[in-house]
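Student: when you get a sec, could you give me coordinates for this:
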Amino acid sequence: WTNSVSLTSTSTLIVDNDGSTADDTIEDTSSAGQSAGGITIEKYVSVPGPDPLVCGTGTGITWHDTLAGDYRPGDRVCWRLVVTFPSLLDTLDIEVKDFLPAGFVYESAAFGDNHDALGFTLDDTDPITWTNSGVDIGGETFEAIVSSYIGDPNAAADGDILANLMKVKYENTDGTVFQLRDEANASWVEPELSLTKGVVTVDGAAAGPDNVEIQAGDIVRYEIDIDNAGSVDASETAIRDVLQDGITCTEVSLITMTGSCSGSGWIQWDGLTVTAGGSTTLAYTITYPTDLGAGESFDNTAGVRRFETDTNRAAPDDTFEYVPESNIDPTLEADSNIPSIDDDSNVFLGSPTVDKSRSTSVTESGNNASSQATIGETITYTVDVVIPEGTSLHGGATVTDNNSSRITHTAGSATKNTHDKTIG
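Tutor: Numbering: from 1, shown residues only. As a prediction, this is how the structure comes out:
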């Protein structure tokens, strides 16, 4: 505010030797004022370390006012909110709010080591809010330390930047409302796994990866590739490959990377580490039975059961577990927290094919097409049934040809091609 004063007067002056006069206006102004700035706010995020990280009142933590990280799911992140009130001024109806980023879980809040502003009360529902009716807090400092951790691995992706917004609202003695905001950011990193399953060879020859035709007795080699496109190693990774119906551990061999086949019907690998930006390849072989039937199909699926990363919290929260949905292991489904990571592969045995043709005995003009016949003419039908090599037909397979009632059957024969492996 400014206080101003002004003075105006008129003087009569003798302006000549004859005593003549003239009026002169005299003016003078002066002012004095005072001004005061508003409150100031600052928002900070903790720089990683020490480990385990404890937010407390902020002691021993290094702070940054813009961006700090990297943080991963399960990690604790501390936030510092500072409000400085100008000296010798009253501030009314103060409200300080903190909006945690998506995926972050609130743990606790405490006043910081530099806090000396009395009268603030905390409401720790979302958003976290401190209120104070204010008045005589000039020259004092509000400082709060918020402890949170990343609880939802789906809230962001590797390399994302997440903002924590701070808002402050207050009034002056004239009732004017002021609003301020500031933010600090945390960088997010995590593993990003994908899995691809497929056939690589059949009887030693390159094949695949999916919908591969085989014969009974074939030796099929499968590979499972696990890629990590993220910035963090995936440790204690467990992979399961569920065997097809009709296949047991007896037919499984040459499992790599210390995997093992379970009598429950699957192959499993445990304790794998898939490095950031790297990949891991698993493999095994199935020797298919020799009595498989034509047209049979074998589908099997491999998937990630779980993996984990270290965190900056103390035990038992010093690791974070990732469990895919639609899990390859149904017993883990209740704990799922990320999208499914699986893939399937298919091999099949060929199915029989049937082809029918005909010829007629009269070839004279006007009746020489295979589709033309007259009364009494002989029509020869040929039915070719091809059973794929390396397959069998079980259960009394038959070939049936339904003749028209207008045709009289006279004779028939069956021959077997010596290249057929089995005719049931």
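Student: report the beta-bridge partners for S148.
Tutor: S148 has these beta-bridge partners by DSSP bridges: V77, Y106.
Student: the chain should start at 769 in everything you say after this.
Tutor: Noted, 769 is the first residue going forward, which turns the last one into S916.
Student: what's the separation between it and W847?
Tutor: Per Cβ to Cβ, to the nearest Å, S916 is found 7 Å from W847. Bear in mind the C-beta positions are built from the backbone N, C-alpha and C, glycine included.
Student: now do the shared contacts for those two.
Tutor: Residues touching both S916 and W847 (Cβ atoms under 8 Å, 6 or more residues apart in numbering) are L868.
Student: where does the residue sitting nearest the centre point of the chain sit: helix, strand or coil?
Tutor: Against the mean C-alpha coordinate of the chain, by Cα atoms, centre = their mean, the closest residue is N922 at 4.9 Å. Three-state call for N922 (DSSP: H, G, I helix; E, B strand; the rest coil): coil.
Student: please look at it and P841 and confirm they touch.
Tutor: No. Between N922 and P841 there is no contact, the gap being 9.2 Å when judged by Cβ atoms under 8 Å.
Student: what is in contact with these two at once?
Tutor: G871.
Student: check contacts around D971.
Tutor: D986, I987.
Student: just the pLDDT for it.
Tutor: pLDDT, D971: 96.
Student: low-confidence ranges in the stretch 769-918 of the chain?
Tutor: Low-confidence segments of the stretch 769-918 of the chain (pLDDT under 70): 769, 801-804.
Student: tell me where it has strands.
Tutor: Per DSSP state E, counting those that start in this stretch, the stretch 769-918 of the chain carries strands over the ranges 770-782, 789-801, 808-814, 831-832, 835-839, 844-852, 859-867, 872-879, 889-891, 896-903, 909-918.
Student: redo these as a markdown table? Include mean neighbour count and distance to V936.
Tutor: As requested, those are exported to a markdown table (neighbours: other Cβ atoms under 10 Å; distance: least, Cβ to Cβ, whole Å):
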| stretch | mean neighbour count | distance to V936 |
| --- | --- | --- |
| strand 770-782 | 9 | 28 |
| strand 789-801 | 9 | 27 |
| strand 808-814 | 20 | 5 |
| strand 831-832 | 16 | 18 |
| strand 835-839 | 18 | 21 |
| strand 844-852 | 24 | 6 |
| strand 859-867 | 19 | 5 |
| strand 872-879 | 16 | 16 |
| strand 889-891 | 12 | 15 |
| strand 896-903 | 18 | 10 |
| strand 909-918 | 22 | 9 |
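Student: output these as CSV; include the columns distance to A1141.
Tutor: Conversion of the strands of the stretch 769-918 of the chain to CSV gives the following (distance: least, Cβ to Cβ, whole Å):
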stretch, distance to A1141
strand 770-782, 120
strand 789-801, 121
strand 808-814, 91
strand 831-832, 94
strand 835-839, 84
strand 844-852, 88
strand 859-867, 88
strand 872-879, 84
strand 889-891, 96
strand 896-903, 93
strand 909-918, 82
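Student: which one of those lies nearest to G976?
Tutor: strand 835-839 (38.1 Å; Cβ to Cβ).
Student: same for the closest one, what does it pack against?
Tutor: If you count contacts as 3 or more Cβ pairs under 8 Å, 6 or more residues apart in numbering; DSSP states H and E, strand 835-839 packs onto strand 808-814, strand 945-956.
Student: got a list of contacts for that strand?
Tutor: 813-816, 845, 918, 929, 952-957, 999, 1080.
Student: select, from the residues you listed, the two members most distant in space.
Tutor: Maximum pairwise distance among the contacts of strand 835-839 (Cβ to Cβ): 20.9 Å, between A952 and S999.
Student: higher neighbour count, the two?
Tutor: Legend: neighbour count by other Cβ atoms under 10 Å for A952 and S999, higher for A952 (23 against 17).
Student: measure the more buried one to W831 for me?
Tutor: To W831, A952 is 9 Å away according to Cβ to Cβ.
Student: could you tell me which residues touch both of those two?
Tutor: Common neighbours of A952 and W831, counting by Cβ under 8 Å, 6+ apart, are Y812, V813.
Student: picking up where we left off before, just put the helices and strands packed on strand 835-839 in JSON lines and tack on distance to I1143.
Tutor: Formatted as JSON lines, the helices and strands packed on strand 835-839 follow (distance: least, Cβ to Cβ, whole Å):
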{"stretch": "strand 808-814", "distance to I1143": "98"}
{"stretch": "strand 945-956", "distance to I1143": "86"}
